[in-house]
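S.K.: please work out how this folds:
(4 chains)
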There are 4 protein chains.
Amino acid sequence: MLGNTFGRLFRVTTSGESYGDALLTIVDGVPAGVELTDAMIQEELDKRRPGQSKLDSPRMETDQVKIVSGMLEGRTTGAPVGMIVYNVDRHDIHVQQYRDVKELIRPGHAEYPFFVKYGEFSDWCGAGRASGRETVGRVAGGAVAKQLLAREGIEVMGHVTESHGIKGRPLTFEEIKANYRKNDLNCCDLEKADEMIADILKVGEAGDTCGGVIEVVAHGVPAGLGEPVFDKLKGTIGGGLMGIGAVTGVEIGAGFHAARVRGSEWNDQPYLDEKQKVRFRTNYAGGLLGGISNGEDIVVRLCCKPTPTLSVPQSSIDMDAMKEKQLEAITRRDVTICPRIYPVAEAMVRIAIMDALLMAKGLEQLTLIDEKYKALSKTARERGEL
Amino acid sequence: MLGNTFGRLFRVTTSGESYGDALLTIVDGVPAGVELTDAMIQEELDKRRPGQSKLDSPRMETDQVKIVSGMLEGRTTGAPVGMIVYNVDRHDIHVQQYRDVKELIRPGHAEYPFFVKYGEFSDWCGAGRASGRETVGRVAGGAVAKQLLAREGIEVMGHVTESHGIKGRPLTFEEIKANYRKNDLNCCDLEKADEMIADILKVGEAGDTCGGVIEVVAHGVPAGLGEPVFDKLKGTIGGGLMGIGAVTGVEIGAGFHAARVRGSEWNDQPYLDEKQKVRFRTNYAGGLLGGISNGEDIVVRLCCKPTPTLSVPQSSIDMDAMKEKQLEAITRRDVTICPRIYPVAEAMVRIAIMDALLMAKGLEQLTLIDEKYKALSKTARERGEL
Amino acid sequence: MLGNTFGRLFRVTTSGESYGDALLTIVDGVPAGVELTDAMIQEELDKRRPGQSKLDSPRMETDQVKIVSGMLEGRTTGAPVGMIVYNVDRHDIHVQQYRDVKELIRPGHAEYPFFVKYGEFSDWCGAGRASGRETVGRVAGGAVAKQLLAREGIEVMGHVTESHGIKGRPLTFEEIKANYRKNDLNCCDLEKADEMIADILKVGEAGDTCGGVIEVVAHGVPAGLGEPVFDKLKGTIGGGLMGIGAVTGVEIGAGFHAARVRGSEWNDQPYLDEKQKVRFRTNYAGGLLGGISNGEDIVVRLCCKPTPTLSVPQSSIDMDAMKEKQLEAITRRDVTICPRIYPVAEAMVRIAIMDALLMAKGLEQLTLIDEKYKALSKTARERGEL
Amino acid sequence: MLGNTFGRLFRVTTSGESYGDALLTIVDGVPAGVELTDAMIQEELDKRRPGQSKLDSPRMETDQVKIVSGMLEGRTTGAPVGMIVYNVDRHDIHVQQYRDVKELIRPGHAEYPFFVKYGEFSDWCGAGRASGRETVGRVAGGAVAKQLLAREGIEVMGHVTESHGIKGRPLTFEEIKANYRKNDLNCCDLEKADEMIADILKVGEAGDTCGGVIEVVAHGVPAGLGEPVFDKLKGTIGGGLMGIGAVTGVEIGAGFHAARVRGSEWNDQPYLDEKQKVRFRTNYAGGLLGGISNGEDIVVRLCCKPTPTLSVPQSSIDMDAMKEKQLEAITRRDVTICPRIYPVAEAMVRIAIMDALLMAKGLEQLTLIDEKYKALSKTARERGEL
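M.R.: Predicted coordinates:
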C-alpha cells in the first residue's frame, strides 16, 4: 500500500488492521499550544465504536485511545501527535472463522482486489486493512483537527438523512445540532428516525443489510479556503469522502439536483448583511464556489452502500482452487454502516478543512504563542524595516 | 495558489488562465519509448474547444498545442513532456468588458472566493484561473495519459447521459463507443440527444443556462489498481472529478441508488469466465471494490451545474464600494458546459488511472526498452544471484 | 512541525520526543510477503541505543520495539508497518533538571530555533523533538528497508572514519564488513580505533565533546536508481543525511577532493568485466553519476559536529526575562555522537534507496506473490492481447 | 523521470532538455501582488548563460525568457507563474556529432545511468535532460523566489571560493556583495580571482577541465524557518544542492571542520544585541541550528567536480555492440562549471527558503492585499468573536 497519509500540511498517517495488535495514528502539522486530552479523542472514537446498538456489529472493541507523543503538560508542542488504539476483541474462534474462508471471495467486499494485489500474503483475518477498522485512525486524526478548528470557530457535524430509501426532511445547522445523536442512527429528523430504525431491524432479521445517505455540514468556515486548481476544498473533501470504503457517491450543496435546474435558479444571489459581510440568499452551492469556500455552511452528502457481509449464503470463488464455491452466512456484521460512518465522514471533512486552513494561514499564525516570542521570527518586512 | 499539480508519480502540472499569454502543461512520469505527436494531443483539445456549436461559448480559440520537450524523433525519452497552448482570442473589447465589472461579484461563479484570496490583485480578466480555460492543461495532460493507457489496452470514454432533467437510457461500453461524438452534445443515446439539444437551445434563447450529467467509463483496467487507504482509485478519481469547477456531485457504479437497495441485491456476484478469469455478473460497484479496481468497467458519473454566466441581469455586490449593485447581462457564454466538460472528465480519470498504474507497475516495467538494456538495471535477485 | 514523513512511495512517518510516552513509526510502501520480526528491528535499534559504552550518554533506554500492524503470521501483508518504542528512563529528577533551565538557550542546540517556532509551548523536556531521540523512528523505518533491500541483494553499512581530527585509512566494502562493530566507536580501521577512543575519553574527562566523520557504503545497488532531476538518489540521500540534527556536511565519492583535481583524473573509466557487465576502474563518483546509481558501491560521508551539551558552563540567554545568563554544566550527554549516528545514517540511506527502487520497480514487481495470483492484475499488453 | 518538481508549497516544476524545442518552468505558490517582469527573470538567467567568457562553453544560447501566465498588469495574481525559454543554438552539425557517439558512454557523465533507465529511447542529443541545460528552469524558478524574498528583506548571494585547489579567503556578506560578479569567475576575493582564472585557462588549453567550491550566503532570514524533522532547512537546502548534477559535496557553516574541533569551540555563544535581538558571537553553525534558521546568515558551500566532457580521448563502451571503444575528443564544453553553477545554487537556496517561509507564514500572510479585503477571509477567532 502506498496511500496511508491524507493531507498536505495537516497530515494524518495511519496504520493498523482488523486483527492486528494496534492501530496507530500520527498527525503532523499540529500548531503548538492546543489543549488536547485522550478524552477529546475518545469522544469521537466512541461515536464509531461497534456494538453500541442492534444496528451495528456485535464485535466488542473498547477502542481506548492513548496520546503518546506531541504533548507537554496537556498542550500540544508542535511535534506530531501520536496515538495508539489496541485491538482487544480478536479471539481464536473468530480468527478460525476467517481462516476457514480465506481463499473465498466475499461478494461486494474490498477483499478481492486486495487479494489481487497481495496474493497469498493478503491479510485474510477480518479483511485486514480492507476492513472498516482502519477508519479508527481517520477518526482519531479528525478529532485532533476538531480541536484546532474549534479555536477558529469552525464546527463540523454529520447526520443520517436517508436510510434504505426512507428520507428525512432538510434540516438547518441549528436543527442538526439540537438533535445530534438523539437516536441509535443519528438521524436528526427525529420522526423519520423511528421509521428508519424499525426498517433496518427488519432488514437485519432477514439476514440482509442496507445503506443510506449521510450529510455533513461545516459551519463557520471562513471564505477563501481551498487551493486552485487541483486542491480546491471541493476536490479534497470530495476525494477524502469517496476514499471511505463504503461510499458510492458524494454531492455538494444541491448536488445532483443541478442537472435539472436553470442557472437563474441555481446561482445563489449575494447580499450584504447588517455587518457588511457578504452572504448568499440561498446555498445551492453548498458553501463552495468553484471549489473554494464562500463563507456559507459547507454542505456535503455521501451515499453509503449496504454492508457487503450478509448472513445468507452467496456465490463465491475459491481463489486457490480457482473454482466457484458457495460462501456461507457470516454472523458478526453491521446491518447498516450509516450510524458508524458519519463520524468518519466528519473526520475527513475536518482534516481537509484544517489542511486548507493551514495552507492559507501558515503554521505560525495558527500557533497562539505569546507576542513577544512571535516577534523572534519576524522578517524584516514584518518588523517594518523595509 | 498551492494546488496546480495532480497525481503522485504520473503528475500533471499546469499554469495559465483565461486571458494570459499561454497555458503550459508539464507531465512528469512518462515512460520512455512512447509515440506521441502534437496531433494526438490536439485531438483531445479539439473536443473541449469552444465555438464549435450553438451550445457553447462563441469565444474563438484555436487551442493549437505544441509539445516542446520530452521527445526525440517522435518518441518520449522519459523526460517530462512540456506543452504550450497560446491564447489568441483576447481582444481589447472583451478585456474592457471584464474591466468594467471587475469589482462585481458574478453570482454562482468562483470569482468571488478568488477575490477573497487575492483581493485587488485577483485576476479579473475573463475570471483568470477561475475560468474553465485552465482545463486546457488537464486535457493536454490526459491526452498524454491516453497514449500510455492505450499501450496497456485501457480505454476511457465520456458521454452526456442527462441534460436539464432529460435522461438518456443506460448504455454499454460498446454502445458508447459506437455513438461517441455523433452529435454536438456527445449524448450517445441518439434519440434522446435531439430532444436534449432542442431543449438547451430554448434555454439559451431565454438567456439562461442549464446543467447535466456525464458518465465516464474506463474499459480494460486490470484488477488491483489504487492504493489503500487514502489513495484508492475511488478517492483519486472522485477527488479529481470533484475538483473540476462545475461539478456538484460524483457517483461510482450504481452510486446514490445504493441508499435504496439491500446488500443481497447490491453485491455483484463473482464467477469464472471461460478463460478462468474472475468476472462479476452485475456491476453495481462500477468496477471498484473498496475503491480498488476489480477488472470490470470503471463507471463514474458526475453532475455539472448550469454555467453561472447568464445573459439576464443578476443581483451583485461591488467589492470595492462594498454595496449591492446589479450585474448586467453577459453575452459570451456556454449555455451548457456538458459538451465541453466530458473531455476534461475523461482526462482526469485517465490521469488517475495512469498514476495508479505507475505506482503498481513501476516506471521500469512500463518503459518498453530492449531486454538487453533492461538487464543493465536488474537487482541481484532479478539476476537470480540470490 | 510539518515535516515528519520521509520518502515518496516508501515513506517513513515518525512521532515521538525525548520525554514523551512513546515513539511511533509508520512505514508505508512495504511490499507483501516479507519476513519481518521485532528482533530484526531491535537489532538496528540496539546499535543506536544509549548507555552502551563510556563514549555515549548514560541515559538508560531499553528501546524495546514492537511491531503492531502490517503483519500476519510473520510476514508483511502490504499494509503499513506500525511500530512502538516506549520511553522508560524519564524520572522526575531529570525532568526537574530540564524544567530548571527551560527558558535558557543551550548554545549549539536546536532548542533555540524550536523555541522561536513554538514559544512558551516549546517542549523543554530533554529538548523534546529537537533531541536526537527522534532518530529512533528513522532507525526503525530503516530496519524495515534493510529487510526489503536484502531481498534484492543490497547491503548498506556505516562506520566511523574520522574522530576529532584523527583519520582512519580508506577501506573496501569487504574490510568494512569484516571489521564492522568490532569496537565501541565502530571504526573499522582497528588500529586507529584505539587511538580515537583514547582521545575521546580524554575529551570527555575535560567536560568537552567532539565530532567526526562517518562513511556509509551501499553495496549491490543496481544501476539506474534515482529520479531526475530533483529526486536523484544523490539529492535524496544527501538531503536525508543533511537533515540529521548533528550533520554539518555530506560528500559523495571523492567529494570535496573534486575541487582539486582535473577531469582527466576524476572521470571513472568504464570497462566490461568478464560477465560483460559495465564496471568502472575507479569510484571517484561514489556510485552516482549525475545523481543516478551506476552499479558501483554508493559511498557517502557525513560530518557530525561535537555534541552541543557540555559539562562546563556556557553563556546563554534567558528567553523569558530576555537577558543574558550563564548555563550551568549538564552531566547526561554523549561525548561524541559518532558511535550512535552511523545507524541513523545507514537508515536514511536505506530508506532513500528503497524509495527509489520502489519508484523504478513498482510495488507489484517487489511483491513476491505466486505467479498464478500475479496474473490476476495483468494488463491486456502484459497478457499479450495487444 | 518522476522527480521534476522541487518544493512542497512553493513548488518549481520544470521540463526541457539540451536540444528540445523549449524549456518550461511552472512556479506554484506565488503570493498575489508581486511585481514581476521578464527582465527580473532574465537577469538571473543571464548569469548562467553559456558563451560569456573563455571559461565556459561556446554554445550560443540567448536564453530569452517570457513569462506567459500568472500575471496581470505587471503583478502576480496568485496563479502559477509559467515561463518559456526556447533553445536556439541546435544546428545539424552538433546534432550529427551527438548522433555519431550516441551509443558511447561518456566517462563521468550522467548519460550512462540515463541510458540504463531509458535504453534505446534515452535522449542522446546533447545529453538530453542529463545536460546542465535543465538548470535553466531552476534559475527561472529561483528568480521568482528572489523577488518574493526581497519583499521580506532576504538576500541570497553565491560566489566561487575555490578553483582547482586555489582557495580564496573567507569573506563577509558585505564583501561578497561589494565584489559580486566583478570577474568572469565570480570569485569575490579579487586578488585570488586572477590567479584562479589564469590557472583555468591553462587547464583548458590542455584539453582538460577542473572544479571548485561555491559558497552561498542567505542574509536576513528570520529565525525559525524549516520543518522538523525531515524537512528542516538544512535538509532541503542540502538535498536541493546535492541534486545539482555536478555537485559532489555540501557543507553548512564551518562544515567538515566540525570533525576536528571541540564542542566548546564549535558552539556559537548567544548574546543580546542593542535591539534586544538574539544574536550569536560566531557562526560555526552557518545560521542553522538543528537544521532550523537561527537568524544569522545561512552559509553553505558546495563542491563542483570537473566537467566530464574533455577534449582529449577517453576510454568508453559502445552500449549497442557491448564492447569497449575509444571516445574521441569533444570540443564544445565548459572548462570549469563554477562560474555557471553559482546562479543555480543561489536558485535552489532561494526556493528552499521560500518554501519554508510559505509553510511558516501561510499564503495569506505573504499576500499583501488591502486590509479591507483581508478581512473577508478571517476566521471567527481572528474577528475576535470567540
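S.K.: which residues does residue A:35 contact?
M.R.: Applying C-beta atoms under 8 Å, 6 or more residues apart in numbering or on different chains, one finds that residue A:35 lies in contact with A:74-75, A:147. For the C-beta atoms, the positions are set from N, CA and C on the backbone; glycine is no exception.
S.K.: in JSON lines, list the residues you listed along with neighbour count and secondary structure.
M.R.: Below are the contacts of residue A:35 laid out as JSON lines (neighbours: other C-beta atoms under 10 Å in any protein chain shown; DSSP: H, G, I helix; E, B strand; the rest coil):
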{"residue": "A:74", "neighbour count": "9", "secondary structure": "coil"}
{"residue": "A:75", "neighbour count": "16", "secondary structure": "strand"}
{"residue": "A:147", "neighbour count": "18", "secondary structure": "helix"}
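S.K.: would JSON lines of these with pLDDT and distance to chain D be doable?
M.R.: What follows is the contacts of residue A:35, written out as JSON lines (pLDDT from 0 to 100; distance: C-beta to the nearest C-beta, whole Å):
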{"residue": "A:74", "pLDDT": "96", "distance to chain D": "20"}
{"residue": "A:75", "pLDDT": "97", "distance to chain D": "17"}
{"residue": "A:147", "pLDDT": "98", "distance to chain D": "13"}
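S.K.: could I get these as TSV with distance to residue D:166?
M.R.: Rendered in TSV, the data for the contacts of residue A:35 read as follows (distance: C-beta to C-beta, whole Å):
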residue	distance to residue D:166
A:74	59
A:75	55
A:147	59
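S.K.: how near is the nearest residue to residue A:378 once chain neighbours are set aside to residue D:270?
M.R.: The shortest distance from residue A:378 to any non-neighbouring residue, by C-beta to C-beta, 6 or more residues apart in numbering or on different chains, is to residue D:222 (5.9 Å). Per C-beta to C-beta, to the nearest Å, residue D:222 is found 16 Å from residue D:270.
S.K.: same check, this time on residue A:374
M.R.: Relative to residue D:270, and taking C-beta to C-beta, residue A:374 is found at 19 Å.
S.K.: residue A:192 too?
M.R.: Applying C-beta to C-beta, the value for residue A:192 to residue D:270 is 66 Å.
S.K.: same question, residue A:13
M.R.: Going from residue A:13 to residue D:270 by C-beta to C-beta gives 36 Å.
S.K.: and what of residue A:136?
M.R.: Using C-beta to C-beta, residue A:136 is found at 45 Å from residue D:270.
S.K.: with neighbour numbers in mind, choose between residue A:13 and residue D:270.
M.R.: residue A:13 (30 against 23; other C-beta atoms under 10 Å in any protein chain shown).
S.K.: pLDDT of whichever strand or helix holds the more buried one, averaged?
M.R.: For residue A:13, the host element (DSSP states H and E) is strand A:11-15. Mean pLDDT, strand A:11-15: 98.
S.K.: how far does that strand sit from the chain's center?
M.R.: Strand A:11-15 has its C-alpha centroid displaced from the chain centroid by 13 Å (C-alpha atoms, centre = their mean, to the nearest Å).
S.K.: partner strands of that strand and their direction?
M.R.: Each strand paired with strand A:11-15, and its direction, by DSSP bridges: strand A:5-6 (antiparallel), strand A:22-28 (antiparallel).
S.K.: looking at those, which is nearest to residue B:5?
M.R.: strand A:5-6 (16.3 Å; C-beta to C-beta).
S.K.: contacting residues around stretch A:166-183?
M.R.: Stretch A:166-183 has contacts (C-beta under 8 Å, 6+ apart) with A:47, A:155, A:157, A:159-162, A:186-190, A:192-197, A:199, A:213, A:215, A:217, A:219, A:297.
S.K.: the residues you listed, buried ones only, as a ChimeraX selection?
M.R.: Filtering the contacts of stretch A:166-183 down to the buried ones (16 or more other C-beta atoms under 10 Å in any protein chain shown) takes a single ChimeraX command:
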select /A:47,155,157,159,160,161,162,186,187,188,189,192,193,196,197,199,213,215,217,219,297
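S.K.: thank you kindly, that will do.
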